[in-house]
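Participant: got a sequence here, can you build the structure:
(chains A and B)
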Number of protein chains: 2
Amino acid sequence: MIIPIEICQPESVSYNIYIDKLPQLEFNNRVAIVTNPTVAKYHLGSVAKKIKAPSLEIIEVPDGEEYKSIDTVLFILDKLFQAKFDRKSTLIALGGGVIGDMTGFTASMYQRGIDFIQMPTTLLAQVDASVGGKTGVNNRYGKNLIGAFYQPKAVYIDPEFLETLPKREFAAGVAEAIKMAIMFDREFYNSIQESDLSKPKNVVELIAKSVELKANVVNQDEKESGVRAVLNYGHTFGHVIENLTNYSRYLHGEAVAIGMVMANELAVKLGLLSRTEADEVKTLLEKNNLPTSFAIESIEDFYEHFYLDKKSSQGNIAFILPNGKIGTNIIRKDIPKEIVIEVLEKFKG
Amino acid sequence: MIIPIEICQPESVSYNIYIDKLPQLEFNNRVAIVTNPTVAKYHLGSVAKKIKAPSLEIIEVPDGEEYKSIDTVLFILDKLFQAKFDRKSTLIALGGGVIGDMTGFTASMYQRGIDFIQMPTTLLAQVDASVGGKTGVNNRYGKNLIGAFYQPKAVYIDPEFLETLPKREFAAGVAEAIKMAIMFDREFYNSIQESDLSKPKNVVELIAKSVELKANVVNQDEKESGVRAVLNYGHTFGHVIENLTNYSRYLHGEAVAIGMVMANELAVKLGLLSRTEADEVKTLLEKNNLPTSFAIESIEDFYEHFYLDKKSSQGNIAFILPNGKIGTNIIRKDIPKEIVIEVLEKFKG
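Facilitator: Here you go, the predicted model:
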C-alpha cells in the first residue's frame, strides 16, 4: 500500500532587504538581540532604542569566528529557554556574518523555528551573509558544516553601522562584492574599479548592487542545487586556507580574495581567463587592501582538504571559475588532480 | 531602498509512505543506518540485506527517550563527518520515534540538509511519528523543544517489524491511533473498538487509516499553524506527565492515553463531550492495556508545566478537545485557569 504525502507550499517565501537608516520596529511578542561585546559597544544602545517590544533580551556571545560553534548555539538556546521564549518570539542578529549565521541557525531550531531578523553590521555581512538564508556553524571538520537553510523575516542594512568598522574588515566585505562582480556583472566590476569607497554614497551602491545580484541567485536556487553554487567562487580554495590557518590568520573575505586569485590561476591554465584579466583582478584586490598570496606548506594536504567542502560530492571537486572572461561563470567538476596540483605548486611556500 | 526577496518553491514537497514488506532499495551514494542495540538485534541483519549502496555505515545510539538529546545528535553528526559523508548521502532511521526524530534532525543539519528515510519499527512510530516531518530532541526544559520541520524522502512501514515489539509498546501505538480516531473519524473509532488487534491484518488496517488521516492533516498544515495542532490532543496533559515522571515511568503513548482521559474530563466539564463517550474512551484505552489514571502531587506545579509547551504562546494554554462528540475536534485557548484546576483536582494523588 502506498500513501502519498504532498505538502503544498502555495506561497513562496518572501521578505524585504532594507538598505537605509534603521527604522522604528514594533513587535507584539518577546524579542532578543543576539550580538557580541564589540558590536554592542558601538551599536546596541542606538538599536535597542529603535525596538518596541513587550520584553527585550540581550544575548551576548564572544566575538570571533572561533566561537561560531554548536556550543555557542546551545548557549543562546539555553538563554531563550530560561527567558521562556515561545514560538512567536523573534531573534535579531546584530553583528557580522558569525552572529547572523548562528542566530539564524538558533532560530531555525528553537521550538522547530521562530522568526529572525538580520541586522548586519559589517560590510561582508551586508553584501553577502545576511541575504539568502544560509545559516550554520563550524566544527573541527570545517566551516559551516552544520546548519540549515532558514530565511530571515527581514534584513535591515544600515550603512551607518560601517562607520566603526575596522579597515581590514571593510576590505573583507569588498572582496565578496568583487566576487559577485567577477561572476555575474562586468559593468559592476568596472564601477568597483572606478569607485572611491571612502565615500559613503559609493558604499551604498556597492551594497545595493551586491545584494541585488545575490537576491537574484537565491530566488532561483535557495538550496544550492544549481546556480547558487557559483557564489562559492574563491571559496573552494578560500575555505582550505581558512581551515589550514585555524580560522585565525585571515578574515573570511581575505581568504576568499586569495581563493579568487588561485581560482583565476586555474582558469588561466584552462583557457577560461586571460592572463591580463587575472592580473587585473589581483591589482584590484590589492588596491582594496586584500591579500593575494598564500604560502602552501604541503600541496597534497591542501588538495585533501578540498574533500571537506560540502560541494565536493562523490570525490568530484567543484571548481567555480570565470567562463572566458570577467562577468561570466562556470562550475567545473572534471578537472584532473594533476592540473590543480600544478596550479597549487605556484603557491608553494 | 528596498530589495524584495522571493524564493519560488514551484514544486511541493512530496514523498510516499509504503506499508508493505520492505523492498530492495538501491542507492548511488553512501548510506548510514541509525539504530539502537535493541532494534539492531532483531532487524538490522534483514534490513541491511535489502540495501544496496556503495558503502553502508551502521550508527548505533543507546536505546531510550533519555538519549533523545542534542548530545546524541552531535554523536551521529560526528560519525558522519568521520565517514566523510557528503551532501548526496542518505540516512536511514531504523527504530521507533526516538530514532526517527533524532535521525531526521541530524539529517536536517548535516551540511544544511541531506536525505533521510524513515523505517519505523514500533507501532507508535508507524502510525504517527514517522509521518509528517517533525524532528527534534528533548532537553531539560521539555520534550521536542529543539528541532526542525524536515520531511523524509520516503517512509517504509513493514508490519513484520512489530512481531518482536513488546506488548506495552504495541499498546502505546494503539493510543495514537485512538487519538486520530477521536479527533477525526468516528467510523475509524468504531472499527478500533470492534477489531481484534492480535490479527496482523487488523493491525495493517489500523496503521493505514492512521497514516492516511495524519497525511491529510500534514498536507494541509506542515508547520502547525492551524489544524496540525489538533494532533496534540492528549499531549498537552501527556507532555506534563512525561516531564514530571522524567520520561521514565510511561511510554509516550501511555502518557498520551492518560492525557486524553484528562482532556476528556475537561471536555465533559465544558459540555464538549458526554460523560458516556468519555467513559467509552476510557474503557477502550483500558481494553488496549493503556493506563488511564495519574496521581498528581502538586496541582499548581502541574499547571505551571503547561507553559513549557510549544503550543502555549503568550500565556494562553491551548487545549485540544473533542468538539461535542467523538470524531470532532476544537482548539480552545480561552479556558480559565480555575476550570482546568478543578479538572486536575480529580486526579490529585
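Participant: show me the strands in the stretch 51-200 of chain A, by range?
Facilitator: Under the criterion DSSP state E, counting those that start in this stretch, the stretch 51-200 of chain A carries strands at the ranges A:51-52, A:56-60, A:90-95, A:115-120, A:134-139, A:142-149, A:154-157.
Participant: got TSV for those, with mean neighbour count too?
Facilitator: Placement of C-beta: from N, CA and C, glycine included. Converted to TSV, the strands of the stretch 51-200 of chain A look like this (neighbours: other C-beta atoms under 10 Å in any protein chain shown):
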stretch	mean neighbour count
strand A:51-52	14
strand A:56-60	16
strand A:90-95	27
strand A:115-120	26
strand A:134-139	24
strand A:142-149	22
strand A:154-157	24
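Participant: tell me which of the ones you listed lies nearest to residue B:148.
Facilitator: When the strands of the stretch 51-200 of chain A are compared by C-beta to C-beta, strand A:142-149 sits nearest residue B:148, at 6.5 Å.
Participant: out of the strands of the stretch 51-200 of chain A, which gets nearest to residue A:302?
Facilitator: strand A:142-149 (13.7 Å).
Participant: by contact count, what packs against that closest one?
Facilitator: Judged by 3 or more C-beta pairs under 8 Å, 6 or more residues apart in numbering or on different chains; DSSP states H and E, strand A:142-149 is in contact with helix A:97-109, strand A:134-139, helix A:235-244, helix B:97-109.
Participant: now that strand and helix A:235-244, what's the angle there?
Facilitator: 120 degrees (axes from the mean of the first three to the mean of the last three C-alpha atoms, to 10 degrees).
Participant: what's strand A:142-149 in contact with?
Facilitator: A:70, A:101, A:104-105, A:108-109, A:133-139, A:222-223, A:239, A:242-243, A:247, A:308-310, B:77, B:81, B:108-113, B:148 (C-beta atoms under 8 Å, 6 or more residues apart in numbering or on different chains).
Participant: next up, phi/psi of residue A:347, please.
Facilitator: Dihedral pair for residue A:347: phi -100, psi 10, per degrees, to the nearest 10.
Participant: can you name the residue of the stretch 151-300 of chain A nearest chain B?
Facilitator: Distances between the stretch 151-300 of chain A and chain B by C-beta to the nearest C-beta are smallest at residue A:222, namely 4.7 Å.
Participant: residue A:150 is in contact with that residue, correct?
Facilitator: No: at 10.3 Å, residue A:222 does not count as touching residue A:150 under the criterion of C-beta atoms under 8 Å.
Participant: return every residue with contacts to both of those two.
Facilitator: Common contacts of residue A:222 and residue A:150 (C-beta under 8 Å, 6+ apart): residue A:133.
Participant: secondary structure element holding the residue of the stretch 151-300 of chain A closest to chain B?
Facilitator: Using DSSP states H and E, residue A:222 sits within no helix or strand.
Participant: how close does it sit to residue B:338?
Facilitator: To residue B:338, residue A:222 is 48 Å away according to C-beta to C-beta, to the nearest Å.
Participant: returning to that earlier point: among the strands of the stretch 51-200 of chain A, which is nearest residue B:327?
Facilitator: Nearest of those to residue B:327, taken as C-beta to C-beta: strand A:115-120 at 35.5 Å.
Participant: worst mean pLDDT across the helices and strands of chain A, which element?
Facilitator: Averaged element by element with mean pLDDT, DSSP states H and E, chain A has its least confident helix or strand at strand A:2-7 (a mean of 68).
Participant: and the next helix or strand past that one?
Facilitator: Following strand A:2-7 in sequence, per DSSP H and E, is strand A:13-19.
Participant: now for the longest helix belonging to chain A, which elements pack on it?
Facilitator: If each helix of chain A is counted by residues according to DSSP state H, the longest one is helix A:200-220. On a contact count with 3+ C-beta pairs under 8 Å, 6+ apart, helix A:200-220 meets strand A:13-19, helix A:167-184, helix A:186-194, strand B:2-7.
Participant: determine which stretch of the ones you listed is the most buried.
Facilitator: The highest mean neighbour count among those, using mean count of other C-beta atoms under 10 Å in any protein chain shown, belongs to helix A:167-184: a mean of 24.
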